[in-house]
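A.B. asks: Need a 3D model of the sequence below.
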Amino acid sequence: MNLNLQTSYMGLSLNSPLVVSACPLSEKVENIAKMEDMGAGAVVLFSLFEEQLRKENELDEQIFASTADIFPEAASYFPDLDEYRVGTEKYLEIIRKAKERVDIPIIASLNGITDEGWIDYSKQMEQAGADALEINIFYIPADIELSALAVENRYIDIVKKVRNTVDLPIAVKLNPYFSSMGNMALKLEKAGANALVLFNRFYQPDFDVTRLEVLSNLEYSHANELRLPLLWISLLYGKLQASLAATTGVQGALEVIKYLLAGADVAMTASALYKHGIKALHSMKHDLMVWMEQMGFKSIDDFKGIMSQQKVADPTAFERANYIRILETSG
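C.D. replies: Numbers count the residues shown, from 1 in each chain. Next up is the predicted model:
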């Protein structure tokens, strides 16, 4: 059977629904080329953190000191930021070299902290040749006086500012803790987001009870974490024009298949590449194709979204009514 793995992600045509999520593996162009060879449809570059640049340039030590410990990717992938410092020019050069080397889309990733950072760096990424931009608005509202509406407006304002700055497709990487996730998704789309990436993992510290120290150790995602993004992708599919990307718990083809059935346009992974190497992409692609052939699906479009709330025979399977039925039958 001639299988078609093509998918569309925020207007970009991808040869595969497998996308490498933001991680330091993409620091090397050689790795990006290997990702393409192994079946990646696109690569999201490692995030450029505004506070890193400020530290390198010695412009604002205070901002760095107060925010570096609350960004998840900084905490997880960069245990010591002094040992991993990437300036703007190096990042832009990676974009340029990657575009020369590979044919798949290169998606720049930006994690800003000021209006100037979001605007200036997104513009430079576009000029360097990035095919799209993923903005990682990681913000912990630690101020208990801050309202939920104020938090939402912070996200929306950032998206609007970036949208007014670049013509690139924009993906927004979200956390799942908004009080009305569906309404927030709609607001972000109206603000100019072309895709939503579900979900970001909050930085969650641990304690060393002997040394009485806060630990910032890395824990890779697990397949059992897919249920929350699976739920929201299933609920949002068909209700938004924006693309949907899944980025939690993708360890193999099984998780990729589930996300696509829910309605995701792409499934993103990084943890699996750390655990099994970049070659894990080849295994995912192979196993996805085997499943498609067994099920009689010739293309991604044949089955994308068929398990979403919009298309399943019993839409209440995603709602409270189903939870009540489960409780009633489990006794």
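
A.B. asks: Show residues contacting stretch 292-303.
C.D. replies: Contacts to stretch 292-303, defined as C-beta atoms under 8 Å, 6 or more residues apart in numbering, come from residues Met1, Asn2, Leu3, Asn4, Leu5, Gln6, Thr7, Pro17, Leu260, Leu261. In this view, the C-beta of every residue, glycine as well, is placed from N, C-alpha and C.

A.B. asks: before we move on, which element is the last one in?
C.D. replies: Using DSSP states H and E, Leu261 sits within helix 253-262.

A.B. asks: Counting by contacts, list what that helix packs against.
C.D. replies: Counting contacts by 3 or more C-beta pairs under 8 Å, 6 or more residues apart in numbering; DSSP states H and E, helix 253-262 is packed against helix 227-236, strand 243-246, strand 266-269, helix 280-295.

A.B. asks: Now do the buried residues in that helix.
C.D. replies: Of all the residues in helix 253-262, those buried under the rule 16 or more other C-beta atoms under 10 Å are Ala253, Glu255, Val256, Ile257, Lys258, Tyr259, Leu260, Leu261, Ala262.

A.B. asks: Adding mean pLDDT, mean neighbour count and distance to Thr165, write the helices and strands packed on helix 253-262 out as TSV.
C.D. replies: Converted to TSV, these look like this (pLDDT from 0 to 100; neighbours: other C-beta atoms under 10 Å; distance: least, C-beta to C-beta, whole Å):
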stretch	mean pLDDT	mean neighbour count	distance to Thr165
helix 227-236	94	21	26
strand 243-246	98	27	20
strand 266-269	97	29	24
helix 280-295	98	17	32
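
A.B. asks: Of all those, which one comes closest to Trp118?
C.D. replies: Evaluated over these, closeness to Trp118 peaks at strand 243-246, with 20.1 Å, by C-beta to C-beta.

A.B. asks: What helices and strands are in contact with the closest one?
C.D. replies: Helices and strands touching strand 243-246, by 3+ C-beta pairs under 8 Å, 6+ apart, are strand 7-9, strand 195-198, helix 227-236, helix 253-262, strand 266-269.

A.B. asks: For this structure, spot the helix or strand the model is least confident about on average.
C.D. replies: Here the helix or strand of the chain ranked lowest by mean pLDDT, DSSP states H and E is helix 72-77, holding a mean of 43.

A.B. asks: hang on, the earlier thing: for the helix holding Leu261, give me every contacting residue.
C.D. replies: Applying C-beta under 8 Å, 6+ apart, the contact partners of helix 253-262 are 17-18, 223, 226, 229-230, 233-234, 237, 246, 249-250, 267, 283-288, 290-291, 300, 303-308.

A.B. asks: Please enumerate the strands of the chain.
C.D. replies: Taking DSSP state E to define them, one finds strands in the chain at 7-9, 12-14, 18-20, 42-49, 106-111, 132-136, 170-174, 195-198, 206-208, 213-215, 243-246, 266-269.

A.B. asks: Parallel or antiparallel, list what pairs with the fifth one.
C.D. replies: It stands for strand 106-111. The strands that strand 106-111 pairs with in its sheet are strand 42-49 (parallel), strand 132-136 (parallel) (by DSSP bridges).

A.B. asks: now, of these, which is deepest in the fold?
C.D. replies: Burial of the strands paired with strand 106-111 is given as mean neighbour count (mean count of other C-beta atoms under 10 Å); strand 42-49 ranks first at a mean of 27.

A.B. asks: Tell me the spacing between the closest residue to Glu225 other than its chain neighbours and Leu240.
C.D. replies: Ranked by C-beta to C-beta, 6 or more residues apart in numbering and with sequence neighbours excluded, the top spatial neighbour of Glu225 is Gly249, at 4.0 Å. Taking C-beta to C-beta, to the nearest Å as the measure, Gly249 falls 22 Å from Leu240.
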